[in-house]
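Visitor: Need coordinates for the below:
(2 chains)
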There are 2 protein chains.
Amino acid sequence: MPRDGSFTRDRILAAARRLVIDNGFRATTVESVIAASGSSKGAFFHHFPSKRDLADALVAEYVADDLEMLEQGMAAAYDAGPGPADRAVAFVRFYEDMADEIMTGTTGCLYTSVLAEMDLVDAGTSDPITKAVTIWRERYAELLTAAVGDRSDIDVPALSDHVFVTFEGAYLLARTTGDPTQMRRQLAVVRRLLESVLK
Amino acid sequence: MPRDGSFTRDRILAAARRLVIDNGFRATTVESVIAASGSSKGAFFHHFPSKRDLADALVAEYVADDLEMLEQGMAAAYDAGPGPADRAVAFVRFYEDMADEIMTGTTGCLYTSVLAEMDLVDAGTSDPITKAVTIWRERYAELLTAAVGDRSDIDVPALSDHVFVTFEGAYLLARTTGDPTQMRRQLAVVRRLLESVLK
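Guide: Next up is the predicted model:
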């Protein structure tokens, strides 16, 4: 265990992430996080003086993971070769291939949980999510702009957002059907639609 | 006011729908619903003996509205003419044309709010949502099966689910960006992708 307590902090965040995704932020008590993480009350409040601090740390960590995955997707796209349509399709295929792994051990998305509570939105807890969505839009639009060329029938920013939209909607579909493979199937739908429109 | 008290019941449900969509079910207290609806405690408990009864009634009403809109979409599709691709596209265009109206006075979807809390899922409160999703899948697959023909590269049930997925994801996008027109833009993306793949 590192002497700086980062192990305890990470363990608390991992337990909190699961509880918040399963039950919502307001329903997740500090006591339930302490119990699930096996930490002490003292350790918890050392790392997170308030529940709002916990929320901010959860969102910061989740956003960092999300943006790291975005960069992996961008790298996979550029690895797919010089063709702009191939790259735009390869970006979605990267997540499609990762989908079953992404869904392992989770029942949903922290973004949905945070955005489901307007008081968290109003308090600014969701601001890093908005920034992450904007970065996703801009990064994928790089690939789409090259693939779309001078066609005026395609709304590139909206098409770029559609990957985020599919992720969030597929999390909901997976939860309501109890079937985590819905993520992979929905990403495959988008990938095939893109193949059709771009090639 | 009808003597059967349906006016009071409807007013309570409307206030509760708004509060639950904004803040989540657990965060919505019976007291806040009573205050927002301007009803009395006695009237509330007459109509909804428990918070679980309120949840079930909210979901039942929302599902009924959703399935009514589905039938309107199917009618619009069949009105579009005899061409199966035209019909499948017209179905999505119906919601695209309705999107700004759908987003008026709401900040999200009751389905997201209910599915965000696993205890509601485990208690069966979300079961009617699962049934509604299945009915959407089957009804739209009618149109898609005809439009897709004998092509084997298209996963018709997943493509059919993609309209639900887009709705739910676009609600999240609208909330995180604060822009309700995202619903219309995302439905337009799906409509254009469908035009491309089916025509």
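
Visitor: Tell me which residue is most central in chain A.
Guide: residue A:66 (4.8 Å; Cα atoms, centre = their mean).

Visitor: and the residue nearest to that residue when sequence neighbours are not counted, what does it touch?
Guide: The shortest distance from residue A:66 to any non-neighbouring residue, by Cβ to Cβ, 6 or more residues apart in numbering or on different chains, is to residue A:132 (5.5 Å). Every C-beta, even on glycine, is put in place using the N, C-alpha and C of the backbone. By Cβ atoms under 8 Å, 6 or more residues apart in numbering or on different chains, the contact set of residue A:132 is A:63, A:66-67.

Visitor: again, only using 10 Å
Guide: Residue A:132 makes contact with A:59, A:62-64, A:66-67, A:70, A:111, A:164, B:176, according to Cβ atoms under 10 Å, 6 or more residues apart in numbering or on different chains.

Visitor: Verify the contact between residue A:190 and residue A:161 for me.
Guide: No - with contacts counted by Cβ atoms under 10 Å, residue A:190 stays clear of residue A:161, the gap being 11.7 Å.

Visitor: Restrict stretch A:152-161 to CA atoms and write it as PDB.
Guide: Taking C-alpha atoms only, stretch A:152-161 is exported to PDB below (Å, rounded to 0.1, in the frame of the first residue of the first chain):
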ATOM      1  CA  SER A 152     -23.700  19.400 -47.200                       C
ATOM      2  CA  ASP A 153     -26.300  16.800 -46.200                       C
ATOM      3  CA  ILE A 154     -24.400  15.700 -43.000                       C
ATOM      4  CA  ASP A 155     -24.500  17.600 -39.700                       C
ATOM      5  CA  VAL A 156     -20.900  16.700 -38.700                       C
ATOM      6  CA  PRO A 157     -21.100  18.000 -35.000                       C
ATOM      7  CA  ALA A 158     -24.400  16.100 -34.500                       C
ATOM      8  CA  LEU A 159     -23.100  13.000 -36.200                       C
ATOM      9  CA  SER A 160     -20.000  13.200 -34.000                       C
ATOM     10  CA  ASP A 161     -22.200  13.500 -30.900                       C
END
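
Visitor: Now do that stretch, average pLDDT.
Guide: Mean per-residue pLDDT for stretch A:152-161: 94.

Visitor: Mind checking if it is in reach of chain B?
Guide: Yes - Stretch A:152-161 reaches chain B (Cβ under 10 Å from any Cβ of the partner chain) through A:153-155, A:157-161.

Visitor: Residue A:75 contacts residue A:143, doesn't it?
Guide: No - counting by Cβ under 10 Å, residue A:75 stays clear of residue A:143, with 11.7 Å between them.
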